[in-house]
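J.: sequence and predicted model, in that order:
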Amino acid sequence: MRLVVVSNRVTVPEKGEKVAAGGLAVALRSALEKHGGLWFGWSGATAAEPAGEITPQRHGKVSYAVIDLTEAERQSYYLGFSNRALWPLMHYRLGLTEFQRPDYAGYLAVNRRFARLLVPLLQPDDVIWIHDYHLIPLAAELRRRGVTNRIGYFHHIPWPPAEVFGALPFSSTLISSMTAYDLIGMQTQKDADNIVDGLTKLTAARREERFIVTQQRRTLVQAFPIGIDVEGFRKLAVSSVRAATQPIRATTGPLGGRKLVIGVDRLDYSKGIVQRLEAFGLFLRSHPEYRGDVGLLQIAPPSRSDVPEYAELDRQSDEVAGRLNAALGEFDWTPIRVVKKAYSRSALAGFYRRAQVGLVTPMRDGMNLVAKEYVAAQNPDDPGVLVLSRFAGAAQQMGEALIVNPYDTHEVAEAIRTALAMPRQERIRRFERLYSVIAATDIAWWTSRYLAVLTGKVPAESADELPPPARVPRRGGPRRAVAEDAPAEKPAAASRRRSLRLVKDSAGEDEAPRRKFAQAGNPALLPNAPTPR
């Protein structure tokens with residue numbers, strides 16, 4: 001068996017390039033090297049004329065076949081239909097969905113060109129794995145050209161209910177093309193249910209247990225929650241903090257002994273960045289005892305800046321951060337820092353480990369791997385607390401996080417306070433439960449599980465069985481944790497924190513929010529949140 005991976009973007013490695021730890025690209029490259037394979041997709045570049053054929057470039061056991069798009073194709077296929085129609089629609093944002101028939105025609109044309117150029121490169125025993133919403137109709141185009149190989153699809157973002165997806169013109173035509181796949185993988189069971197519901201309501205397909213059945217094929221639809229390289233990221237976090245890399249010193253150094261709340265997202269309206277900034281401002285207003293003692297670092301590298309909605313989000317985030325800093329900041333303390341640049345995975349791992357709270361509050365997300373990276377990076381002796389949107393796919397696995405409604409700024413604000421006030425033993429308990437789940441269902445587990453079902457090596461029913469909990473990193477006591485990770489705390493900051501604790505204890509804290517979030521995994525309180533394993 002040879003594996004053929006098809007994705008919207010493909011980066012051909014340079015000779016001697018060192019591959020960064022973690023990430024989907026690394027997992028796919030690993031699977032390709034294991035089986036021997038081909039990686040096909042767009043180079044990310046544009047050319048004046050479309051190429052007539054491709055010559056793959058071989059690197060080890062993996063061949064890379066990339067094509068350039070014309071500028072017109074980039075505008076219609078990528079910026080137009082993929083990012084201004086499908087992306088907002090898949091994230092339940094009908095008000096932002098913009099459909100143009102020429103864009104849809106360009107989207108289909110690029111998928112046809114992908115199919116035409118891929119077919120000559122295929123071998124009879126190839127297993128084809130296609131990724132994400134840019135390439136939904138690709139399998140149907142391959143079938144039209146006589147391809148009979150096993151073809152799987154994985155959808156990395158949410159899939160909306162039939163009532164939402166059906167608002168897209170030509171929705172029945174587009175969704176019916178998915179019955180050309182042998183296996184459709186989704187991030188959560190909710191997403192899997194939504195696509196099955198859409199296929200049965202918008203097409204002539206019928207449901208038979210886990211399968212969608214047409215005259216041509218039985219298509220299995222199943223949830224495969226994606227993971228990360230947990231052990232690799234944990235080691236990256238430890239080494240990054242010990243090395244005290246320049247980005248960590250420069251960004252967290254001004255905090256001194258203050259606590260850190262961190263958010264890391266692409267600058268995208270689905271991530272809830274503006275709402276998160278507002279919630280942090282509300283937290284400081286509602287709990288003035290924390291002013292001067294905690295700061296929010298929001299890392300938000302820009303994306304798709306030539307799409308108007310993203311340019312507007314860029315402006316809004318600057319405006320909100322500026323307004324809150326002007327109202328709440330002091331001459332020696334800036335409550336919110338928004339950094340619009342990309343950092344290396346090593347630097348991000350160090351930031352996560354330094355932060356007492358990970359604030360992951362998208363308005364809608366397929367999975368959100370930042371939540372898993374934050375947990376993987378934590379110091380087992382003194383871990384931080386994850387605050388997680390209930391609308392992120394990760395919430396279905398990570399019930400020991402503080403699960404919140406990102407549309408409710410008061411709830412998010414109170415979750416931040418609960419996280420900062422949480423006793424160490426409770427933080428450790430939650431961390432150990434979360435770590436065992438993400439380590440048992442890491443990226444290697446996800447890749448092997450999906451391919452085993454696609455190739456028929458295991459039945460679909462067996463794929464539902466979760467592996468046993470993974471071993472949690474050994475804890476060595478608070479002294480070692482502080483010596484390894486914690487920045488030197490200024491005496492004045494430490495004294496101020498002790499004083500604040502005395503004030504809060506003597507005043508008698510309101511325990512209701514803490515009790516509420518301590519039971520974040522309780523379905524009676526939050527029906528969408530799973531019972532923790």
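T.: Structure's in. What do you need?
J.: neighbours of the residue nearest to residue 398 when sequence neighbours are not counted, how many?
T.: Spatial nearest neighbour of residue 398, excluding adjacent residues (Cβ to Cβ, 6 or more residues apart in numbering): residue 434 at 5.6 Å. (Glycine included, C-beta is placed from N, CA and C.) Applying other Cβ atoms under 10 Å, we find 29 residues neighbouring residue 434.
J.: just the pLDDT for residue 434.
T.: On the pLDDT scale, residue 434 is placed at 98.
J.: just confirm it is within a strand.
T.: No - going by DSSP: H, G, I helix; E, B strand; the rest coil, the assignment for residue 434 is helix, not a strand.
J.: that one and residue 385 touch, don't they?
T.: No - using Cβ atoms under 8 Å, residue 434 is not in contact with residue 385; the gap is 9.9 Å.
J.: return every residue with contacts to both of those two.
T.: Residues touching both residue 434 and residue 385 (Cβ atoms under 8 Å, 6 or more residues apart in numbering): residue 401.
J.: you'd agree residue 119 is up against residue 148?
T.: No - using Cβ under 8 Å, residue 119 makes no contact with residue 148, being 11.6 Å away.
J.: spatially nearest residue to residue 124, not counting backbone neighbours?
T.: Nearest non-adjacent residue to residue 124, counting by Cβ to Cβ, 6+ apart: residue 149, 7.5 Å away.
J.: again with residue 43
T.: With sequence-adjacent residues excluded and distances taken as Cβ to Cβ, 6+ apart, residue 43 is closest to residue 66, at 3.9 Å.
J.: may I have the phi/psi pair for residue 420?
T.: Main-chain torsions, residue 420, degrees, to the nearest 10: phi -70, psi -30.
J.: run a quick neighbour tally on it.
T.: Residue 420: 18 surrounding residues under other Cβ under 10 Å.
J.: need the pLDDT of the residue nearest to residue 124.
T.: 97.
J.: try residue 29
T.: Looking at residue 29, the pLDDT reads 82.
J.: show me what the longest strand along the chain is packed up against.
T.: Longest strand in the chain by number of residues (criterion: DSSP state E): strand 37-46. When contacts are defined as 3 or more Cβ pairs under 8 Å, 6 or more residues apart in numbering; DSSP states H and E, strand 37-46 packs onto strand 2-9, helix 24-35, strand 62-69, helix 101-118.
J.: average pLDDT for the helix or strand that that strand is followed by?
T.: For strand 37-46, the succeeding helix or strand toward the C-terminus, using DSSP states H and E, is strand 57-59. The average pLDDT within strand 57-59 is 91.
J.: okay, now the unreliable bits of the stretch 1-150 of the chain?
T.: Scanning the stretch 1-150 of the chain for pLDDT under 70 picks out 15-23.
J.: do that again at 50, thanks
T.: 18-22 (pLDDT under 50).
J.: equivalent analysis for the stretch 401-533 of the chain, please.
T.: For the stretch 401-533 of the chain, the stretches flagged by pLDDT under 50 are 477-484, 486-533.
J.: can you pull out the strands in it?
T.: With DSSP state E, counting those that start in this stretch, the ranges of strands along the stretch 401-533 of the chain come out as 402-404.
J.: and for the stretch 101-250 of the chain?
T.: Going by DSSP E, counting those that start in this stretch, the stretch 101-250 of the chain shows strands at 126-131, 150-154, 183-186, 206-208, 211-213, 218-223.
J.: what's opposite the residue nearest to residue 264 when sequence neighbours are not counted in the beta bridge?
T.: Leaving aside its sequence neighbours, residue 264 sits nearest to residue 299 (Cβ to Cβ, 6+ apart; 4.6 Å). Beta-bridge partners of residue 299, counted by DSSP bridges, are residue 264, residue 339.
J.: near residue 299, how many other residues are there?
T.: 22.
J.: between residue 119 and residue 148, which is the more surrounded one?
T.: More crowded of residue 119 and residue 148, by other Cβ under 10 Å: residue 119, with 13 against 8.
J.: give the contact list for that one.
T.: 142, 145-147.
J.: for the stretch 401-533 of the chain, what spans make up the helices?
T.: 409-421, 424-440, 443-454, 460-463, 478-485, 491-507, 512-518 (DSSP state H, counting those that start in this stretch).
J.: what separates the residue nearest to residue 55 when sequence neighbours are not counted from residue 4, distance-wise?
T.: Of all residues not flanking residue 55 in the chain, residue 65 sits nearest, at 7.9 Å (Cβ to Cβ, 6+ apart). Relative to residue 4, residue 65 is positioned 9 Å away (Cβ to Cβ, to the nearest Å).
J.: next: residue 379.
T.: 41 Å.
J.: and residue 376, by the same measure?
T.: 30 Å.
J.: the more surrounded of the two?
T.: Taking other Cβ under 10 Å, residue 376 and residue 4 do not tie; residue 376 has more neighbours (29 against 23).
J.: just the element for that one, please.
T.: Residue 376 belongs to helix 369-377, assigned by DSSP H and E.
J.: I'd like the mean pLDDT over the very next helix or strand once past that helix, please.
T.: Using DSSP H and E, the helix or strand that directly follows helix 369-377 along the chain is strand 385-389. Averaged across strand 385-389, pLDDT comes to 98.
J.: strand 385-389: how far from the chain's middle?
T.: The chain centroid and the centroid of strand 385-389 are separated by 14 Å under Cα atoms, centre = their mean, to the nearest Å.
J.: what helices or strands is that strand leaning on?
T.: strand 357-360, helix 369-377, strand 402-404, helix 409-421, helix 424-440.
J.: residues contacting the last one, please?
T.: With contacts defined as Cβ under 8 Å, 6+ apart, helix 424-440 is touched by 227-228, 230-231, 372, 375-376, 378, 380-386, 397-398, 400-401, 466-473, 475, 478, 518, 532-533.
J.: and those, which of them are buried?
T.: Buried by 16 or more other Cβ atoms under 10 Å: 227-228, 230-231, 372, 375-376, 378, 380-386, 397-398, 400-401, 470, 473, 475, 518, 532, out of these.
J.: alpha carbons of stretch 324-332, as PDB, please.
T.: Written as PDB, here are the backbone C-alpha positions of stretch 324-332 (Å, rounded to 0.1, in the frame of the first residue of the first chain):
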ATOM      1  CA  LEU A 324      -9.200  48.700  27.800                       C
ATOM      2  CA  ASN A 325      -5.600  49.500  28.400                       C
ATOM      3  CA  ALA A 326      -6.300  53.200  28.500                       C
ATOM      4  CA  ALA A 327      -9.200  52.600  31.000                       C
ATOM      5  CA  LEU A 328      -7.600  50.000  33.300                       C
ATOM      6  CA  GLY A 329      -3.800  50.300  32.900                       C
ATOM      7  CA  GLU A 330      -1.200  51.900  35.200                       C
ATOM      8  CA  PHE A 331       2.100  53.600  34.400                       C
ATOM      9  CA  ASP A 332       3.900  50.400  35.300                       C
END
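J.: tell me which residues in it are buried?
T.: 324-325, 328-329.
J.: do stretch 184-193 as well
T.: For stretch 184-193, a neighbour-count test (16+ other Cβ under 10 Å) marks 184-188, 191-192 as buried.
J.: in those, find the pair that's most separated.
T.: Pairwise distances across these peak at 13.1 Å for 184 and 188 (criterion: Cβ to Cβ).
J.: quick revisit: was I right about the residue nearest to residue 264 contacting residue 348?
T.: Yes - between residue 299 and residue 348 there is a contact under Cβ under 8 Å: 7.4 Å.
J.: okay, and the common contacts of those two?
T.: Contacts common to residue 299 and residue 348, judged by Cβ under 8 Å, 6+ apart, are residue 264.
J.: give me phi/psi at the residue sitting nearest the centre point of the chain?
T.: Nearest to the mean C-alpha position of the chain, by Cα atoms, centre = their mean, lies residue 368 at 2.5 Å. Main-chain torsions, residue 368, degrees, to the nearest 10: phi 80, psi 90.
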